[in-house]
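Visitor: What would the 3D arrangement of this be:
(chains A and B)
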Protein chains: 2
Amino acid sequence: MEESSTQRLMDSLLDHKQEVNLAATKEKNAALAAAADALLASKDEILKANELDLEQAKGTISDVMLDRLRLTDERLTGMANGIRALIDLPDPVGRVLDKHVADNGLVIEKKSVPFGLLGMIYESRPNVTSDVAALAIKSGNAALLRSGKEAFNSANAIMTALKQGLEKSTISPKTIELVQDTTRKSSSEMMTARGKIDLLIPRGGKGLIRAVVDNATVPVIETGTGICHIYVNKAANLDEAVRITANAKMSRPSVCNAAEVCLVDKEVAADFLPKLAEAFAGKVEMRADERAKEYLPDAKLAGPADFDTEFLDYIMAIKVVDGLEVAIKHIAKHSTHHSEAIITEDQAAADRFTQAVDSAAVYVNASTRFTDGGEFGLGCEIGISTQKMHARGPMGLNELNTYKYIIHGDGQIRE
Amino acid sequence: MEESSTQRLMDSLLDHKQEVNLAATKEKNAALAAAADALLASKDEILKANELDLEQAKGTISDVMLDRLRLTDERLTGMANGIRALIDLPDPVGRVLDKHVADNGLVIEKKSVPFGLLGMIYESRPNVTSDVAALAIKSGNAALLRSGKEAFNSANAIMTALKQGLEKSTISPKTIELVQDTTRKSSSEMMTARGKIDLLIPRGGKGLIRAVVDNATVPVIETGTGICHIYVNKAANLDEAVRITANAKMSRPSVCNAAEVCLVDKEVAADFLPKLAEAFAGKVEMRADERAKEYLPDAKLAGPADFDTEFLDYIMAIKVVDGLEVAIKHIAKHSTHHSEAIITEDQAAADRFTQAVDSAAVYVNASTRFTDGGEFGLGCEIGISTQKMHARGPMGLNELNTYKYIIHGDGQIRE
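Guide: Here you go, the predicted structure:
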């Protein structure tokens, strides 16, 4: 059977991956600078390719999606700056994570190393192509990227530019590749490339992530879906609670760290909910359970599905609860384990909440919107993991490394 | 549809897991001591159940497997001591892995926490039941164990004893459970228990591990298979090379860190191979490629499959290579990424080997047999990971934890 174009790319990446896996920091930084320059130098080609994508997509995808797909001078400059920002970050490769000398004299060192070959399957944001390629290079990984069909021409033009940049560096352009086949076959080939792809990261909507998690036999990091909760405890400062809930919901509803559900203790519901309604007035649709609706005459009555939905929109589900333990149980049942917050002035309640809530990021008196690599001091972000294995929460450069043990002896054998 | 017995156990574990997830170190240690005592107090019942397993297995499994299945007074004492050994190890839960204060005053802490609910699917060694239950308790995890059918009665008697021990502690016996259904259905239910089982670890033969990795939709750690290589570089001390190769092959051939393949540089093959044959004489079957056979008249000629086989036996595949780079390429193609060693007095060759070989443990001038949790200073071991995600090489208590971010604010919102 003839090899597919995707299989051929993977084989070529395996042949060349060590050229980036073993590269020195200086080489990788020079390659990033060259890639950023090349991206801007190819501006015309990239914008033309993007025009083609937009043309073909018109009428088939929503306006929001069209806007995500659109590249501009400004966005391209942002992409180049994103690549350059990685140059100043510390190299994640070669950190000594542990070192000890055993009684028999063996020197056992645990050292961070790149995974080897990363796979990334994503949707229609063209900037992901340059972001991920740059993160891969800085973290010492080769990368195989698969863009959504809608953005393929843009992604291909971007990848061509980045490779032209690498040509001018000591890192081989054959260490980053874009899948050329945009049918399902190529995703499936990536998901089952055991022994070739060391880590596969899906980025996009719930459907995409679910499909990858369910079908992949290569190691996968589940990212992104956020049904985030704000719990207003009876001991909350209610003005602060309103300010935080409004920010968590309204500052950018389309992202995964935006809050979707507000739980409020029955003792303060009568005070809090009308204030929240005022802050939301005309901007956020409130879907209230029966008890909450008593204080929110204008709200819709929530259906049960509303407490299990990532709206990504100006909609919030609202529920009155009988105290901290009920809130914790509700979150355990309905959360996607991304980010949750308690608003309270009661230290014991805060401690119990942060201990018992099993999510990547648990907040006391702050907005869930802070869950990202930049805000957490990682400098960058390849995604937000909602699983517990390997990485949890925002993933930066360190999370794109694994480790190995290097053991030096002078003839030790085991009895 | 009625819930299966396995589903019911999982639901019950989810209801009770926080009783161990949030337990204090003192509580967990007291529970371990009580479990060890109870194991010895139930000696008669456990040995009787084991008799039954041995009776039923006779004639259907090999003598080696029968021996693995057999419990004795001595082995039970060993199991109890294994549990007690965990008491003195540091608690992996609650380590502050990172902490920083952001410019806006948010205090962002990254803290180790248990996974929640571990799943373990294993085969016929009854001691795994007590080992894993104890590791789960110490690492703060609830656990659902599925023993192989052959060892079920023994495993069940051991689990009953451990639970009797927990009854006398503050940790609920409902935090550890043994699957009662030994058909394939229960494995399959565990492999697809998304949102319930946080980490699934298969332990056993290649077939079992492969089936779990291929079919699981819950996060899995791939363990165990070891096609380990010894590479005798032209600059090796040949006497040391013989000693190390003999140890790596013969000290315990049935374990995953035993060497299966020896590669030797052509320059030293004529000197080294006859010496190795002498060390192996009458004990190890040598399967030599054509070039190696020139120096090993009594060896069998190796078939191509011999370089891709985990013999777990007194057999070694032997190949003459044209130098370091060829050896590195051979290992990249044929290794299971477990443990490999170079024997050399040439520092540059050693450095190149440890950099380029992509395995969990890479040795210079020492036996591959050292790859285990005890030898690496982890104090214990739940398995040896051959994947790169989350944990690589020996997994101890820390590797049975994940982390979460706990963020304290005083009203911060995101612009």
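Visitor: packing partners for the helix or strand of chain A with the lowest mean pLDDT?
Guide: None of the helices or strands of chain A scores lower by mean pLDDT, DSSP states H and E than helix A:63-69, at a mean of 84. Here helix A:63-69 touches helix A:43-57, going by 3 or more C-beta pairs under 8 Å, 6 or more residues apart in numbering or on different chains; DSSP states H and E. All C-beta spots, glycine's among them, are computed from the backbone N, C-alpha and C.
Visitor: hmm, back to that, what's next to the least confident helix or strand of chain A, contact-wise?
Guide: By C-beta atoms under 8 Å, 6 or more residues apart in numbering or on different chains, the surrounding residues in contact with helix A:63-69 are A:50, A:53-54, A:57-58, A:61, A:124-126, A:150-151, A:154, A:254.
Visitor: Only C-alpha atoms, please: export that helix in CSV.
Guide: Taking C-alpha atoms only, helix A:63-69 is exported to CSV below (Å, rounded to 0.1, in the frame of the first residue of the first chain):
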residue,chain,number,x,y,z
ASP,A,63,-19.8,35.7,11.1
VAL,A,64,-18.0,35.1,14.3
MET,A,65,-16.1,32.2,12.7
LEU,A,66,-15.4,34.4,9.6
ASP,A,67,-13.9,37.0,11.9
ARG,A,68,-11.7,34.4,13.6
LEU,A,69,-10.5,33.3,10.1
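Visitor: mind listing what's buried in stretch A:11-20?
Guide: Buried residues in stretch A:11-20, counting neighbours by 16 or more other C-beta atoms under 10 Å in any protein chain shown, are found at A:13-14, A:16-20.
Visitor: Greatest separation within the residues you listed: which pair is it?
Guide: A:14 and A:20 (12.2 Å; C-beta to C-beta).
Visitor: that older thread, going by distance to chain B, which of the buried residues of stretch A:11-20 wins?
Guide: Distances from chain B to those, taken as C-beta to the nearest C-beta, are shortest for residue A:18 (6.4 Å).
Visitor: Can you tell me who the residue in the stretch 251-400 of chain A positioned nearest to chain B pairs with across the strands?
Guide: Here the stretch 251-400 of chain A gets closest to chain B at one residue, residue A:366, 2.9 Å apart by C-beta to the nearest C-beta. For residue A:366, the beta-bridge partners are residue B:412 (DSSP bridges).
Visitor: List the residues that contact the residue nearest the centre of chain A.
Guide: Centroid-nearest residue in chain A: residue A:383, 1.6 Å away (criterion: C-alpha atoms, centre = their mean). By C-beta under 8 Å, 6+ apart, the contact list for residue A:383 reads A:201, A:203, A:221, A:223-224, A:395.
Visitor: Among those, which are located in helices?
Guide: Among the contacts of residue A:383, no member is found in helices (DSSP state H).
Visitor: just the residues you listed that are near chain B?
Guide: residue A:221 (C-beta under 8 Å from any C-beta of the partner chain).
Visitor: wait, which of the contacts of residue A:383 is closest to residue B:413?
Guide: Nearest member of these to residue B:413, counting by C-beta to C-beta, is residue A:224, at 22.2 Å.
Visitor: That closest one and residue A:382 touch, don't they?
Guide: No - here residue A:224 does not reach residue A:382: they are 11.2 Å apart, not a contact under C-beta atoms under 8 Å.
Visitor: neighbour-wise, which of these two wins?
Guide: residue A:382 (26 against 23; other C-beta atoms under 10 Å in any protein chain shown).
Visitor: Spell out which parts of the stretch 1-150 of chain A neighbour chain B.
Guide: Residues of the stretch 1-150 of chain A lying near chain B (C-beta under 8 Å from any C-beta): A:18, A:22, A:100, A:102, A:106, A:108, A:113, A:115-116.
Visitor: so which two of those are the farthest from each other?
Guide: Pairwise over the residues of the stretch 1-150 of chain A next to chain B, using C-beta to C-beta, the maximum falls at A:18 and A:102, 29.6 Å.
Visitor: circling back to that earlier point, quick check: of the contacts of residue A:383, which lies closest to chain B?
Guide: Of those, the one sitting nearest to chain B (C-beta to the nearest C-beta) turns out to be residue A:221, at 7.6 Å.
Visitor: Just give me the neighbour total for that closest one.
Guide: Look at residue A:221: counted by other C-beta under 10 Å, it has 29 neighbours.
Visitor: Give me the pLDDT value at it.
Guide: As predicted, residue A:221 sits at a pLDDT of 92.
Visitor: which residues of chain A score low on pLDDT?
Guide: A:1 (pLDDT under 70).
Visitor: Give me the domain ranges for it.
Guide: A:5-222+A:391-408, A:228-370 (automatic domain parsing).
Visitor: Can I get stretch A:94-113 in PDB? Just the C-alpha atoms.
Guide: This file holds the C-alpha atoms of stretch A:94-113, laid out as PDB (Å, rounded to 0.1, in the frame of the first residue of the first chain):
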ATOM      1  CA  GLY A  94      17.900  20.600  30.000                       C
ATOM      2  CA  ARG A  95      16.600  21.600  33.400                       C
ATOM      3  CA  VAL A  96      18.000  19.300  36.100                       C
ATOM      4  CA  LEU A  97      14.800  18.300  37.900                       C
ATOM      5  CA  ASP A  98      16.500  16.000  40.400                       C
ATOM      6  CA  LYS A  99      19.900  14.600  41.000                       C
ATOM      7  CA  HIS A 100      21.200  12.200  43.500                       C
ATOM      8  CA  VAL A 101      24.200   9.900  44.100                       C
ATOM      9  CA  ALA A 102      23.200   6.400  45.100                       C
ATOM     10  CA  ASP A 103      25.100   4.400  47.800                       C
ATOM     11  CA  ASN A 104      26.700   2.400  45.100                       C
ATOM     12  CA  GLY A 105      28.100   5.600  43.400                       C
ATOM     13  CA  LEU A 106      25.600   5.800  40.500                       C
ATOM     14  CA  VAL A 107      24.900   9.400  39.700                       C
ATOM     15  CA  ILE A 108      21.200   9.600  38.800                       C
ATOM     16  CA  GLU A 109      20.100  12.700  37.100                       C
ATOM     17  CA  LYS A 110      16.500  13.600  36.000                       C
ATOM     18  CA  LYS A 111      16.600  16.000  33.200                       C
ATOM     19  CA  SER A 112      13.900  17.800  31.100                       C
ATOM     20  CA  VAL A 113      13.900  16.900  27.400                       C
END
